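In: Predicted coordinates and the sequence they were generated for:
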Amino acid sequence: MLIDKVLKCPSCNADNPTIALEEKDNSRFLHCISCNATFPFDKRDSFFLFFKERGGATGHLLSEYEKDLYANKNFRDFHLSNTISDLKLALKDLRVKVIIDIGCGNGGYTNALKGLYQDYYGLEPSEIPNKETINEPYLQKGVTLIHYDPAKNLPIHNGSADAAVLIASYDHIPDVENVVKDIYNKLNDNGYLIIVMQNYHFWIKNIINRVSGKRLFRGESDHYRIHSPDTLIKETRSFVDLEVKSIRADSIFLPNLPKRFGFIYFSKNMMIFVNSLIKHLFLLFPKKNLGSVMTVVFKKSDRGF
């Protein structure tokens, strides 16, 4: 693993490689050989506590609210599997080795993306609820999960990552400009930024907004911004110099129904069939990117900003 070349000590902030993984008395910890700081491993949630004192951060990236958001479990599984499929397709095309996942939640995506990375560094500021934790033996080889202080820059060396992913976390970040600029610095010259989030251009939202004459679906809990692919691209490119490599926003066309109507999604096969039917219907129209989730891949430009 490339821990010393990727992780940057949050205590001394040394630019040279200083972090080592050590074991003593049946316990594991990260150790900075420069300032002698130690960061223990928490067996409960499989994260290293990579900070000395938390800053006064606002908001959080792991939201239990979202765990209970979907119409029913069938739809949640359908939604998750299609989102992961788009992300896997994006990563397969890029052939990256070192990934940093900002707002990684419990680390579950490390298993879903097996075989698409060499080293995976998951960064999460929130505590993981007991019912969401993943035991270390179930994590893939090359995975390091970190609890970090979001009030500070990412504890990652500049130029050390091939890709940075934000999966359902970009819209939870209060000060997104500084975070995007920081991520940009962490990427190598050919690095990629991948943002996965809800698509405000989703066809059912478009229809309801047109009928109502209002812009609805904007005040969801803990969401600081909403975007379609075009507005997301415009925003991120106003911060740093990025080239758009791909947009995938045509996988999930089923609306997330209120829970009282969740019984409609009674079958996985039925959801696949209806989703495919709606998707092919929209192929008859010129507009694209009408799915409910978008995966946008940016490539770092070496021209800077």
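Out: Done, it's in. Numbers count the residues shown, from 1 in each chain.
In: Show me the helices in the chain, by range?
Out: If DSSP state H is used as the criterion, the helices of the chain fall at 3-6, 64-67, 73-94, 109-112, 176-186, 203-212, 229-239, 268-282.
In: Make a markdown table from these and add distance to Lys299, mean pLDDT and mean neighbour count to it.
Out: (Each C-beta comes from the backbone N, C-alpha and C, glycine too.) Below are these laid out as a markdown table (distance: least, C-beta to C-beta, whole Å; pLDDT from 0 to 100; neighbours: other C-beta atoms under 10 Å):
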| stretch | distance to Lys299 | mean pLDDT | mean neighbour count |
| --- | --- | --- | --- |
| helix 3-6 | 20 | 94 | 16 |
| helix 64-67 | 29 | 50 | 13 |
| helix 73-94 | 9 | 95 | 18 |
| helix 109-112 | 21 | 92 | 18 |
| helix 176-186 | 11 | 97 | 19 |
| helix 203-212 | 28 | 91 | 13 |
| helix 229-239 | 12 | 97 | 16 |
| helix 268-282 | 27 | 95 | 13 |
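In: what residues are up against the closest residue to Arg225 other than its chain neighbours?
Out: Nearest non-adjacent residue to Arg225, counting by C-beta to C-beta, 6 or more residues apart in numbering: Asp171, 5.3 Å away. With contacts taken as C-beta atoms under 8 Å, 6 or more residues apart in numbering, Asp171 has the following neighbours: Met197, Gln198, His223, Tyr224, Arg225, Ile226, His227.
In: nearest spatial neighbour of the last one, skipping sequence neighbours?
Out: With C-beta to C-beta, 6+ apart as the criterion, His227 has its nearest non-adjacent residue at 5.8 Å, and that residue is Tyr200.
In: Out of the contacts of Asp171, name the ones that lie in strands.
Out: Met197, Gln198 (DSSP state E).
In: Could I get the contacting residues of the nearest residue to Tyr117 once chain neighbours are set aside?
Out: Once its chain neighbours are removed from consideration, Tyr117 has its nearest residue in Ile99; the separation is 4.7 Å (C-beta to C-beta, 6+ apart). Going by C-beta under 8 Å, 6+ apart, Ile99 touches Leu91, Leu113, Tyr117, Asp119, Tyr120, Tyr121, Ala161, Asp162, Ala163, Ala164, Val165.
In: can you redo those residues as JSON lines with distance to Asn275?
Out: Listed next are the contacts of Ile99 as JSON lines, based on distance: C-beta to C-beta, whole Å:
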{"residue": "Leu91", "distance to Asn275": "23"}
{"residue": "Leu113", "distance to Asn275": "23"}
{"residue": "Tyr117", "distance to Asn275": "28"}
{"residue": "Asp119", "distance to Asn275": "34"}
{"residue": "Tyr120", "distance to Asn275": "29"}
{"residue": "Tyr121", "distance to Asn275": "33"}
{"residue": "Ala161", "distance to Asn275": "34"}
{"residue": "Asp162", "distance to Asn275": "32"}
{"residue": "Ala163", "distance to Asn275": "28"}
{"residue": "Ala164", "distance to Asn275": "29"}
{"residue": "Val165", "distance to Asn275": "24"}
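In: Kindly state the beta-bridge partners for Ile194.
Out: Listed by DSSP bridges, the beta-bridge partners for Ile194 are Val165, Val297.
In: related to what we said a few turns ago, show me which of the contacts of Asp171 is closest to Lys279.
Out: Closest to Lys279 out of the contacts of Asp171 is Gln198 (17.6 Å), distances taken as C-beta to C-beta.
In: I figured that closest one was touching Val293, is that so?
Out: Yes. Using C-beta atoms under 8 Å, Gln198 is in contact with Val293, at 6.3 Å.
In: Where does the prediction get shaky in the stretch 101-250 of the chain?
Out: Along the stretch 101-250 of the chain, the model assigns pLDDT under 70 to residues 219-222.
In: Please check the contacts of Asp171 and keep the buried ones.
Out: By neighbour count, with 16 or more other C-beta atoms under 10 Å, the contacts of Asp171 hold Met197, Gln198, His223, Arg225, Ile226, His227 as buried.
In: Might you report the residue contacts of the third one?
Out: Taking C-beta under 8 Å, 6+ apart as the criterion, His223 is in contact with Asp171, His172.
In: again with the fourth one
Out: Under the criterion of C-beta under 8 Å, 6+ apart, the contact partners of Arg225 comprise Tyr170, Asp171, Val176, Glu235.
In: Nice, that's everything, thank you.
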